[in-house]
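Engineer: Got a predicted structure plus its sequence, pasted below:
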Amino acid sequence: MPTDAQPAGQAEADRSGGFWYPASGGAPLSAVDVLRAVRRFRAADLAMRNRARTGMDMHDTDLVAVRHLIAAEERGEPIGPKDLTRHLGISTAATAKLLTRLEAAGRLRREPHPSDRRAQVLHATGAAHEEVRRALGSAHQRMLAAAEKLSQSEQLAVVSFLDELSGAMDEPPEPKEPTNDEEAAAGTSGLPGAPRRP
């Protein structure tokens with residue numbers, strides 16, 4: 001590609017070892033190009049997690065759980081078994097097995113909830129923090145450096161886009177059948193084709 005046709009971030013990407021896949025013939029990027037970049041990121045993230053998981057001799061779900069607990073602790077947010085079940089999208093029984101496994105490996109400790117005796121608060125142990133830092137710390141520093149190259153407006157655009165994309169990936173709610181009360185409030189008799197009150 002001629003130098004004058006390179007996108008603004010091309011030279012920076014070349015110096016940093018980043019990836020850049022311009023549209024063919026120097027055409028402007030499209031929404032499809034953006035989604036392809038997201039897929040490349042997801043593949044790179046999966047490969048990074050697989051390397052970390054192999055190095056730490058952990059199940060993938062265990063690594064996700066430990067990383068979630070560490071992130072929650074950094075935010076000062078208490079996490080219990082139910083919260084972890086929701087985050088991982090697994091059953092209560094599977095969560096119980098996961099917690100037993102992490103606790104036996106010295107990666108998890110449980111504490112009583114300060115205000116609810118029936119509940120527990122989960123914490124990643126110091127050993128787990130160190131393992132994750134050793135396995136993923138350098139990659140996270142490089143990722144942070146990449147994010148810091150963005151201007152504030154670019155950071156806002158990326159965050160807004162990724163949040164919207166996350167919402168788009170959620171299952172849409174099932175359409176709700178109107179109840180008789182709702183039909184009456186809408187001015188119908190409950191029969192198909194009945195006129196609605198304006």
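Structural biologist: Nice, I can see it. Quick caveat: nothing in here was measured; it's all calculated off a predicted structure.
Engineer: Tell me where this protein has strands.
Structural biologist: 108-112, 120-124 (DSSP state E).
Engineer: Which of those sits closest to residue 93?
Structural biologist: Nearest of those to residue 93, taken as Cβ to Cβ: strand 120-124 at 16.3 Å. In this view, the C-beta of every residue, glycine as well, is placed from N, C-alpha and C.
Engineer: Now do the closest one, average pLDDT.
Structural biologist: Mean pLDDT, computed over strand 120-124, is 92.
Engineer: Alpha carbons of it, as CSV, please.
Structural biologist: C-alpha atoms of strand 120-124 as CSV (Å, rounded to 0.1, in the frame of the first residue of the first chain):
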residue,chain,number,x,y,z
GLN,A,120,-20.6,-16.3,51.8
VAL,A,121,-18.2,-13.9,50.2
LEU,A,122,-15.6,-15.4,47.9
HIS,A,123,-12.0,-14.2,47.6
ALA,A,124,-9.1,-15.2,45.3
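Engineer: what angle sits between that strand and strand 108-112?
Structural biologist: 150 degrees (axes from the mean of the first three to the mean of the last three Cα atoms, to 10 degrees).
Engineer: Straight-line length of stretch 116-130, end to end?
Structural biologist: Counting by Cα to Cα, to the nearest Å, the length from the leading to the trailing residue of stretch 116-130 is 30 Å.
Engineer: Contacts only, for the residue positioned nearest the centre of the chain.
Structural biologist: Nearest residue to the geometric centre of the chain (Cα atoms, centre = their mean): residue 166, 7.9 Å. By Cβ atoms under 8 Å, 6 or more residues apart in numbering, residue 166 lies in contact with nothing.
Engineer: Flag the shaky bits of the chain, pLDDT-wise.
Structural biologist: Scanning the chain for pLDDT under 70 picks out the ranges 1-26, 172-198.
Engineer: show me the contacts for residue 28.
Structural biologist: For residue 28, counting by Cβ under 8 Å, 6+ apart, there are no contacting residues.
Engineer: so how far is the longest helix along the chain from its chain's centroid?
Structural biologist: Counting residues, the longest helix found in the chain (DSSP state H) is helix 31-56. Chain-centre distance of helix 31-56: 12 Å, with Cα atoms, centre = their mean, to the nearest Å.
Engineer: Thanks a lot, see you next time.
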